[in-house]
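Enquirer: Following is a predicted model, sequence given first.
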Amino acid sequence: MEVVKPLQAALEKQDKADAIALTRRFLEAGNLVSFYEEVIPSILNSIECVDGDYRCVFHEHRKSMMVRSLVEISYPYVKKHQKTLKKEALVMIACLKYETHELGAVIGSYLFEYYGFKTVLTGADTPLETLLAGLEDFPTDYLVLSVTNAYNLSEFNKVLSMIRLKHPTLKIFGAGRGAIKHQLQLDIDGIISTSSEIEALIKGEGL
C-alpha cells in the first residue's frame, strides 16, 4: 500500500510527528481495517533479526514502540466507525503468563470493538489466577488467548484445562503466531485473528 513506504521512512528517521500525520490521513480516508491487517504487519515484518544481533533487536524494539503509538491513535476511529451487533456480547482478550507480545492483542481488541463487541483486554503476562478472577467479574461470552511465542504453548494448555473446568460452556479461541501455527495441538474452539474471522463468528453466532 502507498502509505507503507513513507511510514516506514518516518519510523526509520524516528520522526514520530510525521508518522502520526501519515497515519491520521490514512485513517481519515476510511482505511481502519487495512491499517490493522496490512500496514502494521508490513512494517513489523520488515525487520528480521538473527540470533545475537542485539543492535537489530534494539531497533526492532524501538520501531515496535513507535508503532504501538500509531495503533493507540487509531482508537478514536474505532469508535467513530463502530458497528452494532444484534445482541450484546463481551469478548475478553488475554496474553498469558510469560507472553510479553501484546501489540497483536491490542489490535485484536480494537477490531472486536469496531465490530460492536464489548471488550476486556488484560495486556501482557497475565497469570492464570488473575484471568480466572477477571472471568468471575466480567460475564464473558468469548475468550481469546493470544500466544506469539511457541515456547508458551505448555502454559496455554495448562490455562485451557483450568478454565474449562470452571467455565465449561465458555467458547475459547486462540490468536497470535504461536497459536495459529500449532492450533491442532490446542483444545480451542478455533482461531480468531482477522476481521474475516470476526465476521464469521458474528454470522455463526447470530450476533
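Expert: Everything's here; your move.
Enquirer: For the residue with the largest distance to the centre of the chain, report the pLDDT, please.
Expert: Ranking residues of the chain by C-alpha distance from their mean position (Cα atoms, centre = their mean) puts Gly52 at the top, at 27.4 Å. As predicted, Gly52 sits at a pLDDT of 91.
Enquirer: Over to it. Which of the three states is it?
Expert: Following DSSP: H, G, I helix; E, B strand; the rest coil, we place Gly52 in the coil state.
Enquirer: Where do the domain boundaries of this protein fall?
Expert: 4-80, 90-205 (automatic domain parsing).
Enquirer: Report the distance from the last one to the chain centre.
Expert: How far domain 90-205 lies from its chain's middle: 9 Å, per Cα atoms, centre = their mean, to the nearest Å.
Enquirer: do the same with stretch 46-54
Expert: On Cα atoms, centre = their mean, the centre of stretch 46-54 falls 23 Å from that of its chain.
Enquirer: now swap in stretch 46-56 and tell me
Expert: On Cα atoms, centre = their mean, the centre of stretch 46-56 falls 23 Å from the chain's centre.
Enquirer: cool, and stretch 20-36?
Expert: Distance, centroid of stretch 20-36 to centroid of chain: 17 Å (Cα atoms, centre = their mean).
Enquirer: residues making contact with that stretch?
Expert: 1, 3, 6-7, 10, 39, 69-71, 73-74, 77-78, 81, 107, 110-111, 114, 195 (Cβ atoms under 8 Å, 6 or more residues apart in numbering). The way it works is simple: take the backbone N, C-alpha and C, and place the C-beta from them, glycine included.
Enquirer: Same question for stretch 153-173.
Expert: Contacts for stretch 153-173 (Cβ under 8 Å, 6+ apart): 96-99, 128, 131-132, 135, 140-145, 147, 174, 178-179, 182, 185-192.
Enquirer: now, which of the residues you listed lie within helices?
Expert: The helices, defined by DSSP state H, take in 128, 131-132, 135, 178-179 from the contacts of stretch 153-173.
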